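K.L.:
next come a sequence and a model predicted from it.
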Amino acid sequence: MDHIHENPKQPRVSVIVPVYNVEKYLTECLDSICNQTLKDIEIICVDDGATDSSPSILAQYAKKDSRIHILHQENQGLSVARNTGAARACGRYLYFCDSDDYLEQDALEYLYEIADRYDAQLIFFNHEPFGDGDVDQQRVREAKKYAFRWGGYSTVCTGAEMMLQMLRNGGWIVTAWGSMVQRNYFEKQQLQFPAGILYEDNFYTFHATLLADRVCYAPKILYHYR
């Protein structure tokens, strides 16, 4: 049974975490979210039919932190899990966090302050890949070529202008966890992650960016990508 609590006060950020068989990494991810310096958040974890101990880990965290809400569904894939979480979110901004990665402790506060200052519909930032001890570090170096934004960008501009700047210097990275989006804008534009395809982030980020009038960039590494 899904259990999500009514919140009379709109949280500043809804963090949406799709979860599927990530028992090895889920604790690190949830700790990084629960310990954010921005406390006014809700954490929506979508159990996408996990068959390992991930659901029990989620339940343990939900008992300790009332900001955590758990949604259960049959396995339908990452896109549907993200869409499920977004449909139940009520924060001013939405952030999609993968359950095997983690955030810097001040990430959401830093992003929210900039986004709020400019009433941004979308805010991009930087991130850094990492690997477990037994992972070939060459893979991490290769990942840095596409999972790191090199160069500087405008603090605020249209989405089309931001995309052009990023394309010019190789900083156009389509990952859903590489940006935070205003919920009203997300809903007005009927943004979705398409189900049943690979590279679903391409579709979402392309549309989210090009349709936006106000896009920001935060020049800081805030996310660690496994």
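P.N.:
Yes, it's here. Remember, it's a predicted structure, so these values are computed and weren't measured experimentally.
K.L.:
kindly list the longest strand within the protein.
P.N.:
The residue-count maximum for a strand in the chain (DSSP state E) belongs to strand 215-225.
K.L.:
in that strand, which residues are buried?
P.N.:
Of the residues in strand 215-225, 215-218, 222-225 count as buried by neighbour count, 16 or more other Cβ atoms under 10 Å. C-beta: built from backbone N, CA, C; applies to glycine.
K.L.:
show the average pLDDT along it.
P.N.:
Across strand 215-225, pLDDT averages out at 94.
K.L.:
that one pairs with which strands, and in what direction?
P.N.:
Looking at strand 215-225 with DSSP bridges, its partner strands are strand 102-103 (antiparallel), strand 122-129 (parallel), strand 156-157 (antiparallel).
K.L.:
residue 55 versus residue 45, what's the distance?
P.N.:
Note on residue 45: its distance to residue 55, by Cβ to Cβ, to the nearest Å, is 9 Å.
K.L.:
overlap of the contact sets of those two?
P.N.:
Jointly contacting residue 45 and residue 55 under the rule Cβ atoms under 8 Å, 6 or more residues apart in numbering are 19, 70.
K.L.:
comparing these two, which shows the higher neighbour count?
P.N.:
More crowded of residue 45 and residue 55, by other Cβ atoms under 10 Å: residue 45, with 30 against 18.
K.L.:
give me the element the more buried one is part of.
P.N.:
Element membership for residue 45, per DSSP states H and E: strand 41-48.
K.L.:
other SSEs contacting that strand?
P.N.:
Under the contact definition 3 or more Cβ pairs under 8 Å, 6 or more residues apart in numbering; DSSP states H and E, strand 41-48 sits against strand 13-19, helix 26-34, helix 54-64, strand 68-73, helix 78-88.
K.L.:
dump the ones you listed to JSON lines, plus distance to residue 202 and mean pLDDT.
P.N.:
Shown next, in JSON lines, are the helices and strands packed on strand 41-48 (distance: least, Cβ to Cβ, whole Å; pLDDT from 0 to 100):
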{"stretch": "strand 13-19", "distance to residue 202": "17", "mean pLDDT": "98"}
{"stretch": "helix 26-34", "distance to residue 202": "23", "mean pLDDT": "98"}
{"stretch": "helix 54-64", "distance to residue 202": "27", "mean pLDDT": "97"}
{"stretch": "strand 68-73", "distance to residue 202": "24", "mean pLDDT": "98"}
{"stretch": "helix 78-88", "distance to residue 202": "12", "mean pLDDT": "97"}
